[in-house]
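Novice: Only the shape, not the letters, is given here:
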């Protein structure tokens, strides 16, 4: 649940951060990147500044000449066509809508499941030793709970959720319909208030003061020809210590005035944006079958976790559902990470990889996480939440684990403290029982600290939970 809420906060921070970054650098930033609709270069910049101040991000689209709009729309359409597979799109927004519904319907239970100051966890669940309450970041999430839901609802009900719109998208519509709603959400003002309150070099200390200061910015022409212009901006209320921006250049393209870099290097900017957002290869080539399989498997697992959490009647049941589902999600996430190495994963893949019912190999022939024999085989299923139980080889026995050190697939970290049922769901029934230890043979566990590969794992169980994990 925390991860899901974290996604919402991440989206908010991104939006708020972009807005605040533009504000922090003042008129110089606006002068560098924004063009305009009026027939004069200074009117162009002022038009954009005022539009941003009025929560109208569509001005960024309206200032572009028709040729630039066409290029951007075509690139966006190609990207959507390659990245947004119809089946994946339906699954993504199905999960998002279910998550939003859960956040709304289970609000009181979710809030009670988070440890308050001085507590280790909800009743019956305990918490990490020495934990004195939620970290500051989580506390801020809880304080802005309703605002986060509002932003998520804008996304799940917006243009991007419409399969028909994605087939023929219009960025101008997206900015005006959804961008304006996002910028106008009360939580954005709250985020701005928080950021501005501690800002030293900027005059406004609230979102309201900021809008007023933006509208007071003066834009002046230093020199101009029929097709070029040099400008500067002055915002005394915005940046009292350094109100005058550096000079910046504008170029006339068709009937619009654009920043020089936008006018001359649009294709380069698009390419750089793809690299920054790590969607370059996906945007140009689309997902291969292995990637699609990994995405759908993860979404199916997440959907199952959300269903389990929705059935919870109290905080303890909610946390148990999330914890139990977390084991399967961890495995699905590892598979997802390996399938998309450009997004931070360390696994490798070939564009032609196909994994439906298969067992592709990674670097050096090592099976990739989540793709071993018995995983999602026809007529079978996996032990991931939301999928049918695996009748053949449980998914946990097909993975290559580590123990005693390392950062990836550490079996002694992932399953410590988990319910006994999670172990049985992931690894199947134990091969033997040694006292309080469930014994699993035929495993592949790399001993990072001591070296070598171990083949037997023992899970020590006490009061229905894992309290010790050993391998030999």
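Specialist: Here it is on my side, so go on. Please read all numbers here as calculations on a predicted model, not as lab measurements.

Novice: My guess is residue 107 contacts residue 142. True?
Specialist: No - with contact defined as Cβ atoms under 8 Å, residue 107 does not count as touching residue 142 (10.4 Å). To be clear about C-beta, it is placed using only N, CA and C from the backbone, and glycine gets the same treatment.

Novice: Pull the contacting residues for residue 427.
Specialist: Residue 427 sits next to 394, 396, 397, 440, 457 when contact means Cβ atoms under 8 Å, 6 or more residues apart in numbering.

Novice: same question, residue 210
Specialist: Residues in contact with residue 210 (Cβ under 8 Å, 6+ apart) are 23, 53, 192, 196, 204, 238.

Novice: Once you drop chain neighbours, what's closest to the second one?
Specialist: Nearest residue to residue 53 in three dimensions, chain neighbours excluded: residue 214, at 4.0 Å (Cβ to Cβ, 6 or more residues apart in numbering).

Novice: Ok, the third one next?
Specialist: The shortest distance from residue 192 to any residue that is not its chain neighbour, by Cβ to Cβ, 6+ apart, is 4.1 Å, and that residue is residue 207.

Novice: State the distance from that neighbour to residue 193.
Specialist: Counting by Cβ to Cβ, to the nearest Å, the gap from residue 207 to residue 193 is 6 Å.

Novice: Which residue of those two possesses the greater neighbour count?
Specialist: Between residue 207 and residue 193, counted using other Cβ atoms under 10 Å, the more crowded position is residue 207 (22 against 16).

Novice: show me what contacts that one?
Specialist: Shown in contact with residue 207 (Cβ under 8 Å, 6+ apart): 188, 189, 192, 193, 196.

Novice: do that again at 10 Å, thanks
Specialist: The neighbourhood of residue 207, defined by Cβ atoms under 10 Å, 6 or more residues apart in numbering, consists of 19, 23, 53, 55, 186, 188-196.

Novice: Show me the strands in the chain, by range?
Specialist: Shown for the chain, the strands assigned by DSSP state E span residues 218-224, 228-234, 248-253, 256-259, 400-403, 432-434, 437-440, 444-447, 453-454, 457-462, 465-471.

Novice: Does residue 315 touch residue 309 like I think?
Specialist: No - if you go by Cβ atoms under 10 Å, residue 315 and residue 309 don't touch, sitting 11.0 Å apart.

Novice: Between the two, which is the more surrounded one?
Specialist: Using other Cβ under 10 Å as the criterion, residue 315 and residue 309 rank with residue 309 on top: 26 against 21.

Novice: now the more buried one, nearest residue through space, not along the chain?
Specialist: By the measure of Cβ to Cβ, 6+ apart, the closest residue to residue 309 outside its immediate chain neighbours is residue 321, 4.5 Å from it.

Novice: do residue 394 as well
Specialist: Per Cβ to Cβ, 6+ apart, closest to residue 394 is residue 428, 3.8 Å.

Novice: got it, and residue 107?
Specialist: Leaving out its chain neighbours, the residue that sits closest to residue 107 by Cβ to Cβ, 6+ apart is residue 145, at 6.8 Å.

Novice: State the number of residues packed around the one you found.
Specialist: Each residue near residue 145 was counted by other Cβ under 10 Å, and the total is 17.

Novice: mind checking how far it is from residue 326?
Specialist: 21 Å.

Novice: any weak-confidence spans in the stretch 51-200 of the chain?
Specialist: Across the stretch 51-200 of the chain, the ranges flagged by pLDDT under 70 are 82, 114-138.

Novice: For it, which segments are assigned as helices?
Specialist: Assigned helices in the stretch 51-200 of the chain, in chain order: 59-62, 66-83, 86-105, 107-113, 136-143, 145-156, 163-167, 171-174, 180-184, 186-197 (criterion: DSSP state H, counting those that start in this stretch).

Novice: Could you tell me which residues within the fourth one count as buried?
Specialist: Of all the residues in helix 107-113, those buried under the rule 16 or more other Cβ atoms under 10 Å are 109, 110, 112, 113.

Novice: ditto for the third one
Specialist: Counting neighbours by 16+ other Cβ under 10 Å, one finds that the buried residues in helix 86-105 are 88, 89, 91, 92, 93, 95, 96, 98, 99, 100, 102, 103.

Novice: on contacts alone, who are the packing partners of it?
Specialist: helix 2-24, helix 107-113, helix 145-156, helix 163-167, helix 289-310 (3 or more Cβ pairs under 10 Å, 6 or more residues apart in numbering; DSSP states H and E).

Novice: next one: the fourth one
Specialist: Applying 3+ Cβ pairs under 10 Å, 6+ apart, one finds that helix 107-113 makes contact with helix 2-24, helix 86-105, helix 145-156, helix 289-310, helix 315-339.

Novice: The first one too?
Specialist: Contact analysis of helix 59-62 by 3+ Cβ pairs under 10 Å, 6+ apart lists helix 41-53, helix 66-83, helix 171-174 as its packing neighbours.

Novice: Residue 164: which of those is closest?
Specialist: Each of these has some distance to residue 164 by Cβ to Cβ; the shortest is helix 66-83, at 11.7 Å.

Novice: now the closest one and helix 86-105, what's the angle there?
Specialist: Angle, helix 66-83 to helix 86-105, by axes from the mean of the first three to the mean of the last three Cα atoms, to 10 degrees: 90 degrees.
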